[in-house]
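>>> structure for the following, please:
(chains A and B)
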Amino acid sequence: MDPSSGDLNASLSTGTTIIGVTYNGGVVLGADSRTSTGMYVANRASDKITKLTDNVYLCRSGSAADTQIISDYVRYFLHQHTIQIGQPATVKVAANLVRLLAYNNKNMLQAGLIVGGWDKYGGGKIYGIPLGGTVLEQPFTIGGSGSSYLYGFFDQAWKEGMTREEAEQLVVKAVSLAIARDGASGGVVRTVTINAEGVTRKFYPGDALPLWHEELEPQNTLLDILSTSKPEPMDS
Amino acid sequence: MENSSYSLLSSEADSQRTLYPYVTGTSVIGIKYKDGILMVADMGGSYGSTLRYKSVERMKPVGKHSLIGASGEISDFQEILRYLDELTLNDSMWDDGNSLGPKEVHNYLTRVMYNRRNKFNPLWNSLVLGGVKNGQKYLGTVNMIGVHYEDNHVATGFGNHLARPILRDEWHENLSFEDGVKLLEKCMRVLLYRDRSAVNKLQIAKITDEGVTISQPYSLKTFWNFSAFQNPTVGAEGSW
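Okay, here's the model as predicted:
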């Protein structure tokens, strides 16, 4: 099979960048929007931040099928749990339900997940659940193939007690940097901010993101540039 | 413990597999000292060659008399902690004034680990179990294949190769707390230099008849200022 036709048997996966960050009052979840089957981009505008309950969301990376079915099961369990206890589920309970599926089926699943949300007992919380089903509560966490390019960035840029705006800007900048270098990440940046007041979804289209090293300002056509620029000097 | 009650959450068909670890902790070292047991572990959770998590607590108290330290797959350690929770809960429900000692907890863990090994579905860990009950000190280890033993000093992973020789030479009966801590730190510093998955953020735990204390996380100084390190290849350019 030559490279141009791609690997037609490659499984559908969210080669991805996902991020969850706590701030002073809540959490910000962020993700790119590329879903690939091998070299082909199956969906350039996917939504990888999935609602589990009104106050808890899940960032999905790894196999699209595995993470979709996990989120469906956990949404189902959390719905029943909410009815049973008569109040919104806590983020910790949601994370543990995800853990049970991820850990007990570790041989069959390929799912790297971030659970984030807000509840009245713990405030904003982020739980990272990598392959294998370990659960780690963290002030921030990154996941997906694009996250490899962000460890150094977060080591330097993260600080405790950010404001909502600072946290959102950090997440957008980070996903955008990962998209620049990770072939498996791309498209738009989606963020979901969860706090006591509720949930806000934001959308940053690919052309609204900052430009990084060796990237050029997008144009409509070459003709626009030719008409405005002066003739370039000739080399002798 | 059994998956049958979680049939929605896991498949019964999948029972014949030796898996591989994803998020792993490195060495744990334990020694007996004058008043009880001292144990040390760093706070790293590696994801393959990436030092991904740097605040993982790999030592936890168990009941009133024991302390467990784990290396290997962290998700399996988290599951072991749940088993131990159930064990200690059932033990206290007897309400008979007796509580599980470290030797009993170690034996329980050994059975769990060995039985999982026999089913080709191991808990991918090496565990250190230490404790004191009624003045009697106990220090043991058990790993994913069920090998278990007690000794005055035990270690897991790289610690077996780098720390135990130091301990064989310098450990003695009735170490003071200060001498014990310094000895463990000496071992951890060597591991920091020579173990690629070591992380410079560690906790030391002690357990005595009074109970368990786990220190706050801290970092060790390292020493690089040797003349031999300055220009090592000056006599043989291209070498290292």
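>>> is there proximity between the longest helix along chain B and chain A?
With secondary structure taken from DSSP state H, chain B has its longest helix at helix B:74-93. Yes - counting by Cβ under 8 Å from any Cβ of the partner chain, chain A has neighbours in helix B:74-93: B:74-75, B:78-79. Quick note: C-beta positions are derived from backbone N, CA and C, even for glycine.
>>> which other helices and strands contact the top helix by length along chain A?
What stands out as the longest helix in chain A, according to DSSP H, is helix A:64-85. Judged by 3 or more Cβ pairs under 8 Å, 6 or more residues apart in numbering or on different chains; DSSP states H and E, the packing partners of helix A:64-85 are strand A:12-14, strand A:49-53, strand A:56-63, helix A:91-104, strand A:111-119.
>>> pick the most deeply packed of these.
Among the helices and strands packed on helix A:64-85, strand A:111-119 has the highest mean neighbour count (mean count of other Cβ atoms under 10 Å in any protein chain shown), at a mean of 29.
>>> tell me the strands beside that strand, with direction?
strand A:56-63 (antiparallel), strand A:123-129 (antiparallel) (DSSP bridges).
>>> in JSON lines: those strands, plus mean pLDDT.
Formatted as JSON lines, these follow (pLDDT from 0 to 100):
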{"stretch": "strand A:56-63", "mean pLDDT": "96"}
{"stretch": "strand A:123-129", "mean pLDDT": "98"}
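>>> how about CSV for those strands, with distance to residue B:45 added?
As requested, these are exported to CSV (distance: least, Cβ to Cβ, whole Å):
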stretch, distance to residue B:45
strand A:56-63, 18
strand A:123-129, 10
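>>> closest to residue B:90 out of these?
Of all these, it is strand A:123-129 that lies closest to residue B:90, at 28.1 Å by Cβ to Cβ.
>>> next, the angle from the closest one to helix A:91-104.
Interaxial angle of strand A:123-129 relative to helix A:91-104 (axes from the mean of the first three to the mean of the last three Cα atoms, to 10 degrees): 10 degrees.
>>> quick check: next helix or strand after strand A:123-129?
strand A:136-138 (DSSP states H and E).
>>> for that following strand, which strands pair with it and how are they oriented?
strand A:123-129 (antiparallel).
>>> name the residues of the partner strand that are buried.
Buried residues in strand A:123-129, counted by 16 or more other Cβ atoms under 10 Å in any protein chain shown: A:123-129.
>>> spit out the contact partners of residue A:161.
Residue A:161 sits next to A:23-24 when contact means Cβ atoms under 8 Å, 6 or more residues apart in numbering or on different chains.
>>> for it, give me phi and psi.
Reported as degrees, to the nearest 10, the phi and psi values for residue A:161 are phi 70, psi 40.
>>> pretty sure residue B:174 is in a helix, no?
No - looking at residue B:174 with DSSP: H, G, I helix; E, B strand; the rest coil, it is coil, so not inside a helix.
>>> wait, doesn't it sit right on residue B:32?
No - applying Cβ atoms under 8 Å, one finds residue B:174 not in contact with residue B:32, separated by 9.2 Å.
>>> for these two, indicate the residue with more neighbours.
Neighbour comparison, residue B:174 and residue B:32: the larger count goes to residue B:32, with 23 against 9 (by other Cβ atoms under 10 Å in any protein chain shown).
>>> count of residues packed around residue B:175?
The number of residues packed near residue B:175 is 21, by other Cβ under 10 Å.
>>> now it: how far from residue B:36?
Separation of residue B:175 from residue B:36 (Cβ to Cβ, to the nearest Å): 11 Å.
>>> let me know the helix or strand that residue B:57 is in.
Using DSSP H and E, residue B:57 falls outside every helix and strand.
>>> tell me the pLDDT at it?
With respect to pLDDT, residue B:57 scores 98.
>>> pretty sure residue A:206 contacts residue A:185?
No - using Cβ under 8 Å, residue A:206 makes no contact with residue A:185, being 11.1 Å away.
>>> give me the common contacts of those two.
Counting by Cβ under 8 Å, 6+ apart, the shared contacts of residue A:206 and residue A:185 are residue A:179.
>>> okay, the two: which has more neighbours?
The neighbour count for residue A:206 versus residue A:185, taken as other Cβ under 10 Å, is higher for residue A:185 (29 against 16).
>>> need the contact list for the more buried one.
A:15-17, A:32, A:34, A:144-146, A:175, A:178-179.
>>> which residues touch the nearest residue to residue B:81 once chain neighbours are set aside?
In space, residue B:81 comes closest to residue B:60 once its chain neighbours are excluded; the distance is 6.0 Å by Cβ to Cβ, 6 or more residues apart in numbering or on different chains. Shown in contact with residue B:60 (Cβ under 8 Å, 6+ apart): B:67-68, B:81.
>>> tally of neighbours for residue 146?
With no chain named, the answer covers chain A. Neighbourhood size, residue A:146 [other Cβ under 10 Å]: 29.
>>> oops, chain B please
A count of nearby residues for residue B:146, using other Cβ under 10 Å, gives 17.
>>> tell me the confidence at it?
For residue B:146, pLDDT reads 98.
>>> ok, the nearest residue to it once chain neighbours are set aside - contacts?
Closest residue to residue B:146 apart from its sequence neighbours, by Cβ to Cβ, 6+ apart: residue B:114 at 3.1 Å. Taking Cβ under 8 Å, 6+ apart, we find residue B:114 in contact with B:145-146, B:148.
>>> got it, and residue B:82?
Under the criterion of Cβ under 8 Å, 6+ apart, residue B:82 has no neighbours.
>>> and it, how far from residue B:123?
Distance of residue B:82 to residue B:123, given as Cβ to Cβ: 12 Å.
>>> just to revisit the earlier point, check which helix or strand covers the residue nearest to residue B:81.
For residue B:60, the host element (DSSP H and E) is strand B:59-62.
>>> quick one: buried residues of that strand?
So, applying 16+ other Cβ under 10 Å, buried residues of strand B:59-62: B:59-62.
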